[in-house]
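Trainee: Make a model of this:
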Amino acid sequence: MAFSEFQPLNDKSLVDYIKATPSLSSKLKDHLDNLTIKEVGDGNLNFVFIVVGSHGSFVIKQALPYIRCIGESWPMTKERAYFEALALREHGRLSPDHVPEVYHFDRTMSLIGMRYLEPPHIILRKGLIAGIEYPLLADHMSDYMARTLFYTTLLYRNTTDHKKAVAEFCGNVELCRLTEQVVFSDPYKVSEYNRWTSPYLDSDAEAVREDNALKLEVAELKSLFCERAQALIHGDLHTGSVMVTPDSTQVIDPEFAFYGPIGFDIGAFLGNLILAFFAQDGHADEQNDRKAYKAWILRIIQNTWNLFHRKFIALWDANKDAGDAYLPAIYNNSELQQLVQDKYIKELLHDTLGFGAAKMIRRIVGVAHVEDFESITDASNRAGCERRALEFAKLILKERRKFQNIEEVVSAVQQIQ
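Mentor: Got it, this is the predicted structure:
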């Protein structure tokens, strides 16, 4: 079978594709009989096949020309697979312990072959719903974010190389526009795609659409998202884009990658942890009130930011003579260097809080919700959890500049009842 033009694959045609592709068949030691193929794509956009043979395994991810969770009525470029492969390779080079290896990319077929993260790896979001603690999560995620973000900024790169990289990823504009729509636009207006736990949150959704102060802050965040090419960001770094075991953390699915504001990645991750925190009451039962687990989530939020801060600054200190952002001939004394770093991190914290809050709001009154809440079967209980999360997100989005450290943020979370 020829694969010179795009075609969606199925279990049968995928076997033919593997046979015709040495970079994949070699991963199975060319033992292609009795392959086990399972389509597991439970996300919004793509086909995902797990391929397991007697001598090896891998995952095949294929982008479709539409949004899978909506259907062909919402077209979407297949080129997103190209940018995902680019980002996986670049982030994998910078953080090899936390990004699965890419074995194969086919631009015509919009297809990526990569390492299969075998059990007991599970999606972090599912682990959070189940109440599982991951002792290395904060250390691993802070390391991944510090390395992938620092090394793709002007703190490390010269402007020529940076602009070339920015220009390359500008081609991912359709995915960026999708983010602009679902994060920064739709939740604040009447949209056919919006949904919420009705009728319990009807007035809450309306309040979001009528909140002028909230809209002013969201406009500023949208401007930052669209205009600030700060670093190569993952672009969709929620808890569904991380696979974990107690001793392994792997970041997947960077198809939204582009050069954007650092705080968008950190905010997405921390914001989704806060959603998980507020969802815990909906998963509590007589055997487990989830209070200890809620305290663990707050420690992870605090430790992730503080470890990121420490590691990012350590990379900056170790590479002070690199990059075009702060030339050594100008920023030539320790006092000035400290002032620069303090200002940078303070602004980054505020960006992180703003973007994190926007990501939270869109998961409650926008198009794509999160399993943390959706798996709470009692609608009234679910709405109560969502309302508390929404209340916190609105507070943080509007007042983010008042917070000086992550400890104050955690304290604010605890005060929402």
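Trainee: from the chain's centre, how far out does stretch 350-358 sit?
Mentor: 13 Å (Cα atoms, centre = their mean, to the nearest Å).
Trainee: average pLDDT across that stretch?
Mentor: The pLDDT scores in stretch 350-358 average 99.
Trainee: quick one: contacts of that stretch?
Mentor: Stretch 350-358 has contacts (Cβ atoms under 8 Å, 6 or more residues apart in numbering) with 183-184, 217-218, 220-221, 224-225, 261-264, 266-268, 270-271, 274, 305, 392-394, 396-397, 400-401, 403, 409. In short, each C-beta sits where N, CA and C put it, glycine included.
Trainee: Now, these that are in helices?
Mentor: 183-184, 217-218, 220-221, 224-225, 262-264, 266-268, 270-271, 274, 305, 392-394, 396-397, 409 (DSSP state H).
Trainee: Tell me the buried residues within these.
Mentor: 183-184, 217-218, 221, 224-225, 262-264, 266-268, 270-271, 274, 305, 392-394, 396-397, 409 (16 or more other Cβ atoms under 10 Å).
Trainee: center of the chain, which residue is that?
Mentor: residue 237 (0.9 Å; Cα atoms, centre = their mean).
Trainee: and it, which of the three is it?
Mentor: coil (DSSP: H, G, I helix; E, B strand; the rest coil).
Trainee: From residue 48, how far out is it?
Mentor: As judged by Cβ to Cβ, to the nearest Å, residue 237 and residue 48 stand 18 Å apart.
Trainee: ok, longest helix in this protein?
Mentor: The chain, longest helix under DSSP H: helix 334-365.
Trainee: Please name every helix or strand in contact with the helix or strand harbouring residue 389.
Mentor: Assigned by DSSP states H and E, residue 389 falls within helix 379-399. With contacts taken as 3 or more Cβ pairs under 8 Å, 6 or more residues apart in numbering; DSSP states H and E, helix 379-399 sits against helix 202-209, helix 212-227, helix 262-283, helix 334-365, helix 371-374, helix 406-414.
Trainee: how about those, which one is nearest residue 82?
Mentor: helix 262-283 (20.2 Å; Cβ to Cβ).
Trainee: what packs against that closest one?
Mentor: Where contact means 3+ Cβ pairs under 8 Å, 6+ apart, helix 262-283 is packed against helix 124-130, helix 137-150, strand 231-233, helix 291-318, helix 334-365, helix 371-374, helix 379-399.
Trainee: tell me how far it is from the chain's mean position?
Mentor: Its chain's C-alpha centre and that of helix 262-283 lie 11 Å apart, by Cα atoms, centre = their mean.
Trainee: pretty sure residue 341 contacts residue 312?
Mentor: No: taking contacts as Cβ atoms under 8 Å, residue 341 lies outside contact range of residue 312: 9.1 Å.
Trainee: for the helices and strands packed on helix 262-283, which one ends up most surrounded?
Mentor: Greatest average neighbour count among those goes to strand 231-233 (a mean of 28), per mean count of other Cβ atoms under 10 Å.
Trainee: right, and the helix or strand after that one?
Mentor: Next element after strand 231-233 (DSSP H and E): strand 242-245.
Trainee: Contacts for that next one next, please.
Mentor: Residues from elsewhere that reach strand 242-245 (Cβ under 8 Å, 6+ apart): 117, 120-124, 127, 134, 137, 141, 249-252, 269.
Trainee: do the same with stretch 386-403
Mentor: 196-197, 200-201, 204, 208, 211, 213-214, 217-218, 221, 271, 274-275, 278-279, 349-350, 353-354, 356-358, 360-361, 364-365, 373, 409, 412-413, 416-417.
Trainee: so how far is residue 386 from residue 282?
Mentor: 9 Å.
Trainee: which residues are in contact with both of those two?
Mentor: By the contact definition Cβ under 8 Å, 6+ apart, residue 282 and residue 386 are jointly contacted by residue 373.
Trainee: how about low-confidence regions in the chain?
Mentor: 1, 43-44, 69 (pLDDT under 70).
Trainee: hang on, residue 103 in a strand?
Mentor: Yes: counting by three-state DSSP, residue 103 falls inside a strand.
Trainee: Can you give me the end-to-end span of stretch 250-266?
Mentor: This stretch, stretch 250-266, spans 16 Å end to end (Cα to Cα, to the nearest Å).
Trainee: cool, stretch 21-35 as well?
Mentor: 15 Å.
Trainee: ok, now stretch 39-56?
Mentor: 17 Å.
Trainee: Contacts made by that stretch with the rest, please.
Mentor: Outside stretch 39-56, the residues touching it (Cβ under 8 Å, 6+ apart) are 8-9, 11, 14, 18, 27-29, 31-32, 34-38, 57-64, 67-70, 76, 80, 116, 240, 253, 255, 368.
Trainee: Among the residues you listed, which ones are in strands?
Mentor: Of the contacts of stretch 39-56, the ones assigned to strands by DSSP state E are 36-38, 57-63, 67.
Trainee: how far is stretch 165-177 from where the chain is centred?
Mentor: Mean C-alpha position of stretch 165-177 versus that of the full chain (Cα atoms, centre = their mean) differs by 17 Å.
Trainee: May I ask you to confirm that residue 320 is in contact with residue 328?
Mentor: Yes: counting by Cβ under 8 Å, residue 320 touches residue 328, with 6.5 Å between them.
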